[in-house]
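> test case, fold it:
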Amino acid sequence: MPKRILIGTVVSDKNDKTVVVKVERKMKHPLYGKIIRRSKKYHAHDEANTYRLGETVRIEETAPYSKQKTWKVVDRVQAGKTAAIEADI
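Down below sits the predicted model:
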């Protein structure tokens, strides 16, 4: 069975070897039809404590590390708090 891979934002890195990743998805409301955002938080294993608050990361489903951790961080999609680039016009 293939492993699920999700992309989300790190919302907490206070635990040792663990980050909390918030994954947002958009869905259509069943009655009103409006597009709404739903989010869920996942505890993911970060062996070297390299990922920081605000970074966008990719997580992969694994065998359980603990009661709550069944995901591990695969890589960084982009760094958090990036500076805006001005265009020359």
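
> report the contact partners of Leu53.
Residues in contact with Leu53 (C-beta atoms under 8 Å, 6 or more residues apart in numbering) are 10-13, 80. Just so you know, the C-beta spots here come from the backbone N, C-alpha and C atoms, and that holds for glycine as well.

> let's verify Gln68: helix, strand, or coil?
Three-state call for Gln68 (DSSP: H, G, I helix; E, B strand; the rest coil): coil.

> check contacts around it.
Listed by C-beta under 8 Å, 6+ apart, the contact set of Gln68 reads His43.

> same deal with Glu47?
Glu47 sits next to Lys17 when contact means C-beta under 8 Å, 6+ apart.

> roughly how far does it sit from Thr18?
As judged by C-beta to C-beta, to the nearest Å, Glu47 and Thr18 stand 10 Å apart.

> list the buried residues for the worst-scoring helix or strand of the chain on mean pLDDT?
Ranking every helix and strand in the chain by mean pLDDT, DSSP states H and E puts strand 71-78 at the bottom, with a mean of 92. For strand 71-78, burial by neighbour count (16 or more other C-beta atoms under 10 Å) applies to 71-74.

> neighbouring contacts of it?
So strand 71-78 is contacted by 5-7, 19, 21, 42-46, 51, 55-62, 65 (C-beta under 8 Å, 6+ apart).

> and those residues, which are buried?
Neighbour-count burial (16+ other C-beta under 10 Å) applied to those gives 6, 19, 21, 42-46, 51, 55, 57, 59, 65.

> which of those residues lies closest to Lys28?
Lowest distance from Lys28 to these (C-beta to C-beta) belongs to Leu6, with 19.8 Å.

> that closest one: what's it in contact with?
21, 23, 42, 58-59, 71.

> rerun at 10 Å
With contact set as C-beta atoms under 10 Å, 6 or more residues apart in numbering, Leu6 has these partners: 21, 23, 25, 40, 42, 44, 57-61, 71, 74.

> may I have the beta-bridge partners of it?
Ile59 (DSSP bridges).

> tell me which element Val21 is part of?
Using DSSP states H and E, Val21 sits within strand 18-28.

> cheers, nothing more for now.
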